[in-house]
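> heads up, no residue letters with this:
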């Protein structure tokens, strides 16, 4: 059974850092692209940063360039989203999702992902 479980969210002050984890099970992580999405209050879910099966990274949101990084620990079957210099506009629910097809590059379309985690809340506030 394919499962993705996010963790690491919380309340942080502007300028702070958080590291989100996406623990994967039920499939071979290195065969799939994993994308991080964010849903801010009252807004649609949007792609943030993706890592594909070749370990290549694709950013989808200019606002996180230079602040967010994505990585993968194959031994732990976990993908991470390191978020630095957090801003209030980074507040939202963060989801990780698995690309539907193995050995495919990242996509910015939600419909390209067939498995989603439950999300983890990130609140950036003073």
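Perfect, thanks for sending it. None of these values were measured; they are calculated from a predicted model.
> helix or strand for residue 37, which one?
Here residue 37 sits within strand 34-39, counting by DSSP states H and E.
> quick one: name whatever helix or strand follows that strand.
Per DSSP H and E, the first helix or strand lying C-terminal to strand 34-39 is strand 46-51.
> related to what we said a few turns ago, what does the strand holding residue 37 contact?
20, 22, 24, 45-51, 60-61, 70, 72, 79, 81, 90, 92-99, 106-108, 110, 113, 119 (CB atoms under 8 Å, 6 or more residues apart in numbering). Placement of C-beta: from N, CA and C, glycine included.
> what segments of the chain are strands?
Along the chain, the segments classed as strands by DSSP state E run 3-7, 10-12, 18-25, 34-39, 46-51, 57-59, 68-73, 78-83, 92-99, 113-116, 120-124.
> in the chain, which residue is most central in space?
residue 36 (2.2 Å; CA atoms, centre = their mean).
> the least confident helix or strand in the chain by mean pLDDT pairs with which strands?
Between all helices and strands in the chain, the lowest mean by mean pLDDT, DSSP states H and E belongs to strand 57-59, at a mean of 94. Neighbouring strands of strand 57-59 in its sheet, by DSSP bridges, are strand 46-51 (antiparallel).
> quick one: buried residues of the partner strand?
47, 48, 49, 50, 51 (16 or more other CB atoms under 10 Å).
> hmm, residue 41 and residue 121 touching each other?
No - contact criterion CB atoms under 8 Å: residue 121 and residue 41 do not qualify, at 10.5 Å.
> could you name every residue contacting both of these two?
With CB under 8 Å, 6+ apart as the test, residue 121 and residue 41 both reach residue 92.
> have a look at the two and say which one is more surrounded.
Legend: neighbour count by other CB atoms under 10 Å for residue 121 and residue 41, higher for residue 121 (12 against 8).
> that one bridge partners, please.
Beta-bridge pairing for residue 121 (DSSP bridges): residue 93.
> how far away is it from residue 9?
Applying CB to CB, to the nearest Å, the value for residue 121 to residue 9 is 5 Å.
> and for those two, which residues touch both?
Joint contacts of residue 121 and residue 9 (CB under 8 Å, 6+ apart) are residue 94.
> having no further points to raise, I will conclude here.
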